[in-house]
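Enquirer: everything below, folded, please.
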Amino acid sequence: MLALAGRAVLVAGAGVTGRSVVTALLAAGARVTVTDADAARLAELAGEGVELRPGLTAPPEGTELVVTSPGWRPGSPVLAAALAAGIEVIGDVELAWRIGQRMPRPPVWLAVTGTNGKTTTVGMLESMLRAAGANSVACGNVGFAVLDAVLAGYQVLAVELSSFQLHWSNTLAPLASVVLNVAEDHLDWHGDLTAYAAAKGKLHANAGTAVYNAQDPISRELAFHCGGSETARVGFSLASPRPSELGVVEDLLIDRAYVADPAREAEELAGIADVSPAGPHNVANALAAAALARAYGVPPSAVREGLLAFTPGAHRAVPVADVAGVRYINDSKATNPHAAAGSLTAHEHVVWLAGGQLKGAEVEGLVQAVAGRLRGVVLFGADSDVIEAAVRRHAPDVPVKRVDSGDDDSHADSATASGEGGDQPRGARMRRAERAMTAAVRAASTMAHAGDVVLLAPAAASFDMFRDYAHRGEAFAAAVHALAAGEPDSV
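Expert: Model prediction:
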């Protein structure tokens, strides 16, 4: 492991991750330079004992290591220049691993990646570990930096990792790892699905146990082709489990992997009714979390106790209100078609609110799969025309309404919604986006019947209109509450 004391390290990025990296490097005695294109954000680090260099296109002379924030692409000039000069480039996760390995008692890592379900799975895993009495925390790509968790002294880390973070990791060796699923996402960053999947698969390279989704061909392939020769493999699925798998028998979650004789024995972990939020995709998440927890030695009783204690995160299939017999559900975190599919297939009759930035993902398969469930579709955002075209092809009898970013629902059938102009004041953009969501909710209410679900599962990113997916979900909830209160349409 690289000793950091006295080393010249360049930190690429002065955001939340960058600040966490700076703190860790300074504590380790490194000499730190920070670069960022945003001079104002860089200035927030003034007085921290680091050198600030805005907009660098190459590392300063003498740089021995570059630590990058995950959003920086490999082609970024300063990173490309570092690699060309033979300077190692790593991310915050790799740095956290190396720092942890130099501790007298290195923390245990249980790591989760995948296109969808990561945060829910990590939350379930943390809850199971704590139910077993472990000094554990959920960290990584969930708001609590893994570096901070390592330095805080937690002994078992339930780590969510993105493909961006994994791209810059190379020695990470978790006790157990899982790639939940792989579908088109972030193709604008990685270039294609093969490169995206390869970044996910790096999680298994040095893992003790590679957990895979037996019903996802890419997840299975990554476990068997990216893991090391000594890596154990454990599968999970919604079917009856085979030996070395976790699965479902009737209404029970069953373990046939972590038992003395997998060929003959099985152990009951929990019931499907213990899983929240409900839905097949979350049962799969629970099985994945249980597989990681069991790799650490968590007993079955703690698996069930952890599931019962788990509180789902905001904007993830959260019921908002019932209005005139119609349920309104906020799944704004469904930021790609694969995530939206899991949400849509959990309901029989749905009015679907969708749209935003597809990031290169296709929606044909999603729409074809859920066409029979759709009562209606309300679209907004930059790629609404792509989604509408798919609906017209695969569900031609389903009514479709579109809302502009500033129109009310009396114009819901009007021209294509678009992303806001970049030169508009940010506050005005946000207000227009909120008005658009109000229009979308009111349009959906006219299409739904008692017993239906109005579901915000956009299948796309939010940045064309909203601050982030949370802002989009908050706007949806506010619009639903206004509808439930009988407030007049004032948008």
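Enquirer: what's downstream of the helix or strand where Met128 lies, the next helix or strand?
Expert: Using DSSP states H and E, Met128 sits in helix 118-131. Of the helices and strands lying after helix 118-131 in sequence (DSSP H and E), the nearest is strand 136-140.
Enquirer: which helices and strands does that next one pack with?
Expert: helix 118-131, helix 146-152, strand 156-160 (3 or more C-beta pairs under 8 Å, 6 or more residues apart in numbering; DSSP states H and E). C-beta here means a position set from N, CA and C on the backbone, and glycine is covered the same way.
Enquirer: partners of the last one, with directions?
Expert: Right, strand 156-160. The strands beside strand 156-160 in its sheet (DSSP bridges) come out as strand 108-113 (parallel), strand 136-140 (parallel).
Enquirer: return the most buried member of these.
Expert: Among those, strand 108-113 has the highest mean neighbour count (mean count of other C-beta atoms under 10 Å), at a mean of 28.
Enquirer: neighbours of the residue nearest to His349 when sequence neighbours are not counted, just the number please.
Expert: For His349, ignoring the flanking residues on the chain, the nearest one in space by C-beta to C-beta, 6 or more residues apart in numbering is Asp452 at 4.6 Å. Number of residues near Asp452 (other C-beta atoms under 10 Å) recorded here: 21.
Enquirer: for the protein, longest helix please?
Expert: helix 426-445 (DSSP state H).
Enquirer: what sits up against the helix or strand following that helix?
Expert: Using DSSP H and E, the helix or strand that follows helix 426-445 in sequence is strand 453-456. Residues from elsewhere that reach strand 453-456 (C-beta atoms under 8 Å, 6 or more residues apart in numbering): 326-332, 343-344, 347, 349-353, 441, 444-445, 448, 472-473, 476, 480.
Enquirer: so which of the strands paired with strand 156-160 is nearest Ala205?
Expert: Judged by C-beta to C-beta, the one of the strands paired with strand 156-160 that comes nearest to Ala205 is strand 108-113, at 11.3 Å.
Enquirer: avg pLDDT for the closest one?
Expert: The pLDDT scores in strand 108-113 average 98.
Enquirer: figure out how far it is from the centre of its chain.
Expert: Distance of strand 108-113 from the chain centroid (C-alpha atoms, centre = their mean, to the nearest Å) equals 14 Å.
Enquirer: let me know the angle separating it from helix 118-131.
Expert: In terms of direction (axes from the mean of the first three to the mean of the last three C-alpha atoms, to 10 degrees), strand 108-113 departs from helix 118-131 by 160 degrees.
Enquirer: rewinding a little: next, the buried residues of the longest helix of the chain.
Expert: Going by neighbour count (16 or more other C-beta atoms under 10 Å), the buried part of helix 426-445 is 429-430, 432-445.
Enquirer: one step back: the helices and strands packed on strand 136-140 into JSON lines, with extra columns for mean pLDDT and distance to Ala176?
Expert: What follows is the helices and strands packed on strand 136-140, written out as JSON lines (pLDDT from 0 to 100; distance: least, C-beta to C-beta, whole Å):
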{"stretch": "helix 118-131", "mean pLDDT": "96", "distance to Ala176": "10"}
{"stretch": "helix 146-152", "mean pLDDT": "94", "distance to Ala176": "16"}
{"stretch": "strand 156-160", "mean pLDDT": "97", "distance to Ala176": "11"}
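Enquirer: now the ones you listed in TSV, with mean neighbour count?
Expert: What follows is the helices and strands packed on strand 136-140, written out as TSV (neighbours: other C-beta atoms under 10 Å):
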stretch	mean neighbour count
helix 118-131	26
helix 146-152	21
strand 156-160	28
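Enquirer: Glu487 is nearest to which of the ones you listed?
Expert: Closest among the helices and strands packed on strand 136-140, using C-beta to C-beta: helix 118-131, at 32.4 Å.
Enquirer: isn't Asn170 right up against Leu95?
Expert: No: Asn170 is not in contact with Leu95 according to C-beta atoms under 8 Å; the separation is 11.5 Å.
Enquirer: helices and strands of the protein: which one bottoms out on pLDDT?
Expert: Within the chain, no helix or strand scores below helix 187-190, which has a mean of 58 by mean pLDDT, DSSP states H and E.
Enquirer: point out where the protein drops to low pLDDT.
Expert: Filtered on pLDDT under 70, the chain yields the residue ranges 1-2, 184-191, 405-426, 488-491.
Enquirer: one more time with 50
Expert: 1, 407-424, 491 (pLDDT under 50).
Enquirer: work out which residue lies at the spatial centre of it.
Expert: Lys118 (5.2 Å; C-alpha atoms, centre = their mean).
Enquirer: I'd say that residue and Val159 touch.
Expert: No: assessed by C-beta under 8 Å, Lys118 is found out of contact with Val159, at 9.8 Å.
Enquirer: what sits in contact with each of those two?
Expert: Counting by C-beta under 8 Å, 6+ apart, the residues touching both Lys118 and Val159 are Val112.
Enquirer: so Leu269, which of the three states?
Expert: Recorded secondary structure, Leu269: strand (DSSP: H, G, I helix; E, B strand; the rest coil).
Enquirer: great, nothing more from me.
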